[in-house]
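J.: Okay, sequence plus prediction incoming.
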Amino acid sequence: MDQNFQHMKLNFERFTNTGGSFAPIISIRKHGAFGVSQGALNKFGLLDGDWYVVLFYDKAAQAVGIQPTRNAEEEGAIKLVKRKAIAPKSGKESISSSISAKAFFEYYGIDCTETRTYRATWDEEAKIIVVKLSEGAAATEEEGESE
């Protein structure tokens, strides 16, 4: 069957990526790491290959910057650790990742006593993922564990 079709003046595109995740969610986990959802990996082009990040903080704006790099030798580079999981019901594979950041949280006094989730955005000019700490929400226990 054709992937796309036109109806009147509308040009429909068939959606076939059911079960995929595209919401760019970053969490601050209670044990001192950033969790990066599969949606964020997809949105920011970090799904394939080895990636590292350099962390930044804007105290006045209460914003974290996460700058992806392929260069493990870049000053401040931290490995983006990815792991695969298989959903028990659907059998679909998903990938989540984490960034060890306990020292970062301690240095800047960022609270990581409970897991909180944030919708991340991409700053094209700076080539950096932006997480506004004022816009977080407490994660459910399930979200905190699965990220």
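T.: Received the coordinates, thanks. These numbers come from a predicted model, not from an experiment. Numbers count the residues shown, from 1 in each chain.
J.: all strands for this protein, in order.
T.: Applying DSSP state E to the chain gives strands spanning 4-7, 10-13, 25-29, 33-36, 52-58, 63-69, 78-79, 81-86, 93-100, 116-119, 121-123, 128-132, 137-138.
J.: pLDDT on the first one, on average?
T.: For strand 4-7, the per-residue pLDDT values average out at 60.
J.: and what of the third one?
T.: This predicted structure assigns strand 25-29 an average pLDDT of 96.
J.: just the fourth one next, same as before
T.: For strand 33-36, the mean pLDDT works out to 97.
J.: just to revisit the earlier point, turn the strands of the chain into CSV, including mean neighbour count and distance to E106.
T.: To be clear about C-beta, it is placed using only N, CA and C from the backbone, and glycine gets the same treatment. Formatted as CSV, the strands of the chain follow (neighbours: other Cβ atoms under 10 Å; distance: least, Cβ to Cβ, whole Å):
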stretch, mean neighbour count, distance to E106
strand 4-7, 9, 51
strand 10-13, 8, 47
strand 25-29, 24, 12
strand 33-36, 25, 12
strand 52-58, 17, 12
strand 63-69, 19, 14
strand 78-79, 17, 14
strand 81-86, 12, 20
strand 93-100, 18, 12
strand 116-119, 20, 16
strand 121-123, 14, 25
strand 128-132, 20, 17
strand 137-138, 10, 21
